[in-house]
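*Asks:* Please work out how this folds:
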Amino acid sequence: MISHFLTNPFANSVLGHRRFAQYAQTHLERLRAKDAADVLLEPTETALKALQAAVKTNATSKAKGGSKRLSNDEAKAKLQKFIARKSGVIADAFSQDGEVRGEDTPGYHAFYPQGVMEYTRASKDSIETLAARFANVADEHADTVGAKLAKDVRALLKQVEESRQAQLLEGGLTKDSSSQGAAEREELAEQLFVNLLTLLLRHKATPEAAGDYFNQGLLASRSHGEGAAAKSTAALHGLPAPAVN
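*Replies:* Sure, this is the predicted structure:
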């Protein structure tokens with residue numbers, strides 16, 4: 001029976017980091033409203049600010065990651081458009097005085113073995129390989145299409161590769177910031193549990209009064225499944241809604 005009271009109901013809340021911080025902020029404001037000199041205020045505020053900072057860092061990292069993905073998409077689109085646009089120039093270079101269409105020559109087919117759409121519909125995983133092949137073919141036919149073609153394609157390909165690496169690096173930083181947020185959240189959850197136990201001792205004659213310090217509806221509205229919640233509901237009326245594993 002006593003184990004129910006030794007389990008931290010805030011430890012596995014289904015709320016996300018941001019909403020959990022909002023939950024703690026409401027609790028902090030209610031503590032301050034009851035007693036502006038409450039000894040629980042300082043440690044609670046410290047733990048809350050740490051989580052809020054982690055949430056902000058995580059959001060910033062995700063925003064940067066989004067901009068990197070956009071840059072990579074733009075670089076890929078630029079490369080694809082360039083290769084597609086050059087199809088007419090290459091066809092003209094291989095045409096034989098109007099007697100043979102450039103599109104029907106082996107030279108043109110070396111550039112576009114499956115047509116222009118092979119490039120325009122290429123995925124991020126395949127475009128780099130296809131563009132490298134295109135540049136190698138341009139080297140082989142430099143006398144016909146000019147040496148600049150291969151150079152231009154490789155310059156655009158380098159932009160795709162660099163933006164892709166930047167995206168992957170930013171993705172790793174985003175994951176790291178998310179993990180750090182979990183540590184700050186755990187500290188805040190522990191502090192909220194300390195607060196709960198302290199308030200129960202203060203109001204042992206009327207334990208339901210402890211519930212006045214917490215926004216029970218915020219947690220209850222995010223609970224999943226009635227069975228787990230019903231089993232873990234605190235025995236004392238007015239306590240925060242139970243966590244759901």
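
*Asks:* What residue in this protein is the furthest from its centre?
*Replies:* What lies farthest from the middle of the chain is residue 99; by C-alpha atoms, centre = their mean that is 56.2 Å.

*Asks:* Tell me how far it lies from residue 156.
*Replies:* Distance, residue 99 to residue 156, using C-beta to C-beta, to the nearest Å: 33 Å. Yep, even glycine has a C-beta here, placed from its N, CA and C like the rest.

*Asks:* Which stretches in the protein count as strands?
*Replies:* Shown for the chain, no strands are assigned by DSSP state E.

*Asks:* Can you pull out the low-pLDDT segments for it?
*Replies:* For the chain, the stretches with pLDDT under 70 are 1-5, 13, 58-70, 98, 169-180, 217-245.

*Asks:* For it, which segments count as helices?
*Replies:* Secondary structure of the chain (DSSP state H): helices at 3-6, 17-34, 41-94, 106-111, 117-120, 124-140, 142-145, 148-202, 216-220, 226-232.

*Asks:* Looking at those, which is nearest to residue 210?
*Replies:* Among those, helix 148-202 comes nearest to residue 210, with 4.3 Å by C-beta to C-beta.

*Asks:* For the closest one, what is the distance to the chain centroid?
*Replies:* 7 Å (C-alpha atoms, centre = their mean, to the nearest Å).

*Asks:* And stretch 20-28, by the same measure?
*Replies:* For stretch 20-28, the distance to the chain centre is 23 Å (C-alpha atoms, centre = their mean).

*Asks:* now stretch 46-57
*Replies:* For stretch 46-57 - counting by C-alpha atoms, centre = their mean - the centre lies 18 Å from the chain centre.

*Asks:* What lies in contact with that stretch?
*Replies:* The contact list for stretch 46-57 (C-beta atoms under 8 Å, 6 or more residues apart in numbering) reads 17-18, 20-21, 24-25, 28, 177, 180-181, 183-185, 187-188, 190-191.

*Asks:* What of stretch 20-38?
*Replies:* 13, 15, 40-41, 44-45, 47-48, 51-52, 55, 185, 188-189, 192, 195, 212-215, 218-219.

*Asks:* Just the buried residues of the contacts of stretch 46-57.
*Replies:* For the contacts of stretch 46-57, a burial check counting by 16 or more other C-beta atoms under 10 Å picks out 17, 20-21, 24-25, 28, 177, 181, 184-185, 188, 191.

*Asks:* Now render the helices of the chain as a markdown table, adding distance to residue 208.
*Replies:* Listed next are those as a markdown table, based on distance: least, C-beta to C-beta, whole Å:
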| stretch | distance to residue 208 |
| --- | --- |
| helix 3-6 | 15 |
| helix 17-34 | 15 |
| helix 41-94 | 21 |
| helix 106-111 | 78 |
| helix 117-120 | 67 |
| helix 124-140 | 57 |
| helix 142-145 | 83 |
| helix 148-202 | 10 |
| helix 216-220 | 11 |
| helix 226-232 | 18 |
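
*Asks:* Pull up the gap between residue 34 and residue 193, please.
*Replies:* Residue 34 is 19 Å from residue 193, by C-beta to C-beta.

*Asks:* which one of these two has more residues nearby?
*Replies:* With neighbours defined as other C-beta atoms under 10 Å, residue 34 and residue 193 compare such that residue 193 has more, 17 against 13.

*Asks:* List the residues that contact the closest residue to residue 150 other than its chain neighbours.
*Replies:* Spatial nearest neighbour of residue 150, excluding adjacent residues (C-beta to C-beta, 6 or more residues apart in numbering): residue 138 at 3.7 Å. Going by C-beta under 8 Å, 6+ apart, residue 138 touches 111, 145, 149-150, 153.
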